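Q: Kindly return the folded structure for what I paste below:
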Amino acid sequence: MDLLRKAREEGGTVDLNALIEAIPYAKFLGITVDQKGTEITTVLNFEEKLIGNPVLPALHGGVIGALLEMTAIIQLAYDAKGDALPKPIDITVDYLRSGRPIDTYARARVTKHGRRVANVQVEAWQEDRMKPIAAAHGHFLLAPPPESATESTQDAAG
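A: Next up is the predicted model:
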């Protein structure tokens, strides 16, 4: 992704809100990023279009799942040195409480960051972080190293 590559080439950090704006579904959902130092919190700003059950009313489960997945991807993009966004291999979501029609927050914790695969845990909450509305565990495929690095490694080995 050009945003990641440009930030890495300039030696700077990735503008995470610009990254979200470049992902059409994240932009549609209205996800933003609140970053304080290295701590990254994604925010799902409430809009009526996010309601899945108007009787309760409650957020759509797919929207909550997408927030969790996007949070993991954003955290990995921030941590990684590659130029491409991580791709989900699998993700398991546990829905713990109904998501009320208010802003929702999420944070990811990378539990293992290998060369090719990363494991990430994510929690989403609303008013009280100690009462999560959903949690997820996922595996993500990381971008392969640039070809020049792979070729030089192969040349040295062979």
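Q: what about the strands in the chain?
A: Counting by DSSP state E, the segments of the chain that form strands are 31-36, 39-44, 51-53, 58-59, 87-95, 104-113, 117-125, 134-141.
Q: To residue 69, which of the ones you listed lies closest?
A: strand 87-95 (5.7 Å; Cβ to Cβ). Every C-beta, even on glycine, is put in place using the N, C-alpha and C of the backbone.
Q: Give me the below-cutoff pLDDT ranges for this protein.
A: Filtered on pLDDT under 70, the chain yields the residue ranges 1-14, 81-82, 144-158.
Q: at 90 what do you get?
A: Along the chain, the parts satisfying pLDDT under 90 run over 1-23, 36-38, 77-85, 114-115, 143-158.
Q: so where's the longest helix in it?
A: Assignment by DSSP state H gives helix 61-79 as the longest helix of the chain.
Q: That helix vs strand 31-36, what angle?
A: 40 degrees (axes from the mean of the first three to the mean of the last three Cα atoms, to 10 degrees).
Q: In helix 61-79, which residues are buried?
A: 63-79 (16 or more other Cβ atoms under 10 Å).
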